[in-house]
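S.K.: Sequence first, then the predicted structure, then my questions.
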Amino acid sequence: MIQLTVLYTRQCRPLSMAAILDVFESVNSALLRRGDNPAFDIQLVGHDAEQVVNNRYHTRDAGNAKDTRLILIPAFNSEYTDIKEAIGANTGLIPWVMKQYQQGAEVASFCTGAFLLAATGLLNGRKATTHVLATYDLARNFPLIDVQPEEVVTHDGGIYTSGGATNTFHLLLYLVEKYCSREVAVQIAKLFAIDMDRDRQSYFATFLPSKDHTDPLVANAQQRMEEKYNKSATIEEIIGDIPSSRRNFVRRFKQATGITPIEYLQRTRLEGAKKLLEKTNQSISEVMYNSGYNDVKSFRQLFKKGVGLTPKEYRDKFNVIRAN
């Protein structure tokens with residue numbers, strides 16, 4: 001059997017833990033029903049031994065855990081938890097994770113569990129994703145990671161990450177297919193009613209830029225862009241008189257927000273366009289002009305690239321006026 005380890009982290013999201021266990025327990029049950037041996041030996045590793053989880057599992061501390069082939073890190077309960085605090089509460093698990101990876105284990109994180117995985121250093125220089133609302137914080141706090149906000153799942157050198165919420169199931173299905181078979185993955189997808197072909201999470205995103213930094217120069221630039229994004233102006237016209245060299249300003253801006261000024265303006269404009277598509281019946285051309293663009297073809301291309309849907313597809317999916 002494949003030794004599978006789920007980290008029972010402090011401040012983990014119970015729903016994330018339940019989803020992970022449910023899927024792999026279902027895999028074992030499905031295999032047993034068809035007369036095969038179960039595929040996974042599941043252990044929970046936490047900070048204390050003999051905690052009881054789901055009335056079934058007794059946790060092991062890292063010192064008494066079995067060596068493993070696959071480690072899964074659930075999401076943090078981020079609605080109520082400060083991510084930095086959550087990482088600090090779980091640093092005791094990091095050496096064990098790193099040791100297991102060095103011995104050949106693979107490691108996967110789900111949603112905001114990516115922050116604990118990032119703290120191990122194993123994501124440095126690799127592609128990674130997390131919940132769409134947390135990607136900027138991930139990029140800002142771990143600048144060596146190649147953060148992919150739009151991706152549902154990433155895999156790079158035995159390291160896996162998933163986006164938030166139901167994207168967890170897409171990574172779980174990916175791992176089931178890898179370690180078992182496509183047939184078993186399809187069976188589990190049907191059992192949980194999961195659409196297997198989602199490849200982007202960007203159209204679920206809302207641009208919530210970081211403003212908890214202490215750089216007044218960057219804060220001034222952010223305010224200007226948010227006030228003037230709907231004018232057909234270049235980034236230079238909006239922030240051209242900022243008292244700093246271009247190179248120094250870009251460096252400070254990216255350090256504070258996790259993205260460049262040009263990307264910030266672009267995402268602010270796209271967010272403005274999304275709100276107009278959701279809440280008004282303006283034509284696509286009107287939406288384009290009122291969000292700071294002046295070329296229909298360019299607007300459609302940028303919108304599709306940034307959001308993952310065309311403006312019309314986005315309106316059809318999320319417009320609240322027609323929905324009511």
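M.R.: Right, received. Where do you want to start? Numbers count the residues shown, from 1 in each chain.

S.K.: could you pull out the helices for the stretch 101-250 of the chain?
M.R.: Using DSSP state H, counting those that start in this stretch, the helices found in the stretch 101-250 of the chain span residues 114-119, 135-141, 167-179, 182-192, 216-228, 235-239, 246-257.

S.K.: neighbouring contacts of the last one?
M.R.: Just to be clear, that refers to helix 246-257. 136, 140, 143, 209-210, 213, 215, 217-218, 221-222, 239, 242, 244, 259-261, 264 (C-beta atoms under 8 Å, 6 or more residues apart in numbering). In this view, the C-beta of every residue, glycine as well, is placed from N, C-alpha and C.

S.K.: any low-confidence regions in the stretch 1-150 of the chain?
M.R.: 54, 79-81 (pLDDT under 70).

S.K.: what residue ranges in the stretch 151-300 of the chain score low on pLDDT?
M.R.: Looking at the stretch 151-300 of the chain by pLDDT under 70, you get 196-206.

S.K.: Tell me the spacing between the closest residue in space to Ser244 that isn't next to it in sequence and Ile235.
M.R.: Nearest residue to Ser244, sequence neighbours excluded (C-beta to C-beta, 6 or more residues apart in numbering): Leu217, at 6.0 Å. Distance, Leu217 to Ile235, by C-beta to C-beta, to the nearest Å: 15 Å.

S.K.: Pop out the phi and psi values for the residue sitting nearest the centre point of the chain.
M.R.: For the chain, the residue nearest the mean C-alpha position is Thr130 (1.4 Å; C-alpha atoms, centre = their mean). Here is the backbone geometry of Thr130 (degrees, to the nearest 10): phi -160, psi -170.

S.K.: Would you check that it makes contact with Thr112?
M.R.: Yes - assessed by C-beta atoms under 8 Å, Thr130 is found in contact with Thr112 at 5.8 Å.

S.K.: Quick check: neighbours shared by the two?
M.R.: Gly164.

S.K.: wait, what's in contact with Met288?
M.R.: Ala273, Asn294, Asp295, Val296, Phe299.

S.K.: Determine the number of other residues adjacent to the fourth one.
M.R.: Taking other C-beta atoms under 10 Å as the neighbour definition, Val296 ends up with a count of 13.

S.K.: check contacts around it.
M.R.: Shown in contact with Val296 (C-beta under 8 Å, 6+ apart): Ile284, Ser285, Met288.

S.K.: List the residues that contact Ile321.
M.R.: Ile321 makes contact with Lys279, Thr280, Asn281 under the criterion C-beta under 8 Å, 6+ apart.

S.K.: In which helix or strand does it reside?
M.R.: Counting by DSSP states H and E, the element that carries Ile321 is helix 320-323.

S.K.: Can you show me the strands along the stretch 1-150 of the chain?
M.R.: 2-7, 40-46, 52-53, 57-58, 60-61, 70-73, 106-109, 127-128, 146-147 (DSSP state E, counting those that start in this stretch).

S.K.: now these as TSV including distance to Glu25 and mean neighbour count?
M.R.: Formatted as TSV, the strands of the stretch 1-150 of the chain follow (distance: least, C-beta to C-beta, whole Å; neighbours: other C-beta atoms under 10 Å):
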stretch	distance to Glu25	mean neighbour count
strand 2-7	11	22
strand 40-46	7	20
strand 52-53	12	13
strand 57-58	10	14
strand 60-61	18	18
strand 70-73	13	25
strand 106-109	17	24
strand 127-128	27	22
strand 146-147	32	20
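
S.K.: if I look at Asp212, how far off is Gly164?
M.R.: Distance from Asp212 to Gly164, by C-beta to C-beta: 20 Å.

S.K.: ditto for Gly113
M.R.: Counting by C-beta to C-beta - Gly113 and Gly164 are separated by 10 Å.
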